[in-house]
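# sequence and computational prediction follow.
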Amino acid sequence: MGRKHAALQRRVARLAADWRDDHDELPWSKRDIVKGVQVQEDGEVTIALTPSRPHCPCCLLDLNRFRKKLLELKGVTFATIEVVGVPAADRWSKAINQSDFAR
């Protein structure tokens, strides 16, 4: 693993750890939200997570904002959010990862 890849991993981890959703005061690092993070050498990032309130539409919008912030990080070429552990997780993931969502 090169220095650039390690730096990208740190940037992604820092963003995910410090992220706060609209409902909670605690950052994701203090809650069991993030289930897995993969950062490829080419800048492709995949994050698996479980939303704190899977019935809440604003959590869907928050995850879309998180994905957009990921895409703004230096070195990130593509970002995928994989929602796991909630009803209709595949629909959540599809909605979040659509490029024209919530413009």
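Good, I have the coordinates. Note that the structure is predicted; figures quoted are calculated from it, not measured.

# so where is this structure shaky, pLDDT-wise?
Within the chain, the ranges that satisfy pLDDT under 70 run 99-103.

# so which residues of it form strands?
Applying DSSP state E to the chain gives strands spanning 34-39, 44-49, 78-83.

# helices or strands next to the first one in the packing?
Right, strand 34-39. Strand 34-39 sits against helix 3-18, strand 44-49, with contacts defined as 3 or more C-beta pairs under 8 Å, 6 or more residues apart in numbering; DSSP states H and E. Glycine gets a C-beta too; all of them are placed from N, C-alpha and C.

# and the strands of the chain as TSV, adding distance to Arg3 and mean neighbour count?
TSV is the format used below for the strands of the chain (distance: least, C-beta to C-beta, whole Å; neighbours: other C-beta atoms under 10 Å):
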stretch	distance to Arg3	mean neighbour count
strand 34-39	14	14
strand 44-49	18	19
strand 78-83	21	18
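
# CSV please, covering the ones you listed and showing distance to Gln9.
What follows is the strands of the chain, written out as CSV (distance: least, C-beta to C-beta, whole Å):
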stretch, distance to Gln9
strand 34-39, 5
strand 44-49, 9
strand 78-83, 14
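
# of all the ones you listed, which lies closest to Cys56?
Ranking the strands of the chain by proximity to Cys56 (C-beta to C-beta) places strand 78-83 first, at 12.8 Å.

# and the angle for the closest one with strand 44-49?
Orientation of strand 78-83 against strand 44-49 (axes from the mean of the first three to the mean of the last three C-alpha atoms, to 10 degrees) gives an angle of 20 degrees.

# what about strand 78-83, distance to the chain center?
Centre-to-centre, strand 78-83 and its host chain are 6 Å apart (C-alpha atoms, centre = their mean, to the nearest Å).

# start the count at 656 instead of 1 going forward.
In the new count, where the first residue is 656, that last one comes out as strand 733-738.

# what's it packed up against?
Where contact means 3+ C-beta pairs under 8 Å, 6+ apart, strand 733-738 is packed against strand 699-704, helix 712-727, helix 744-752.
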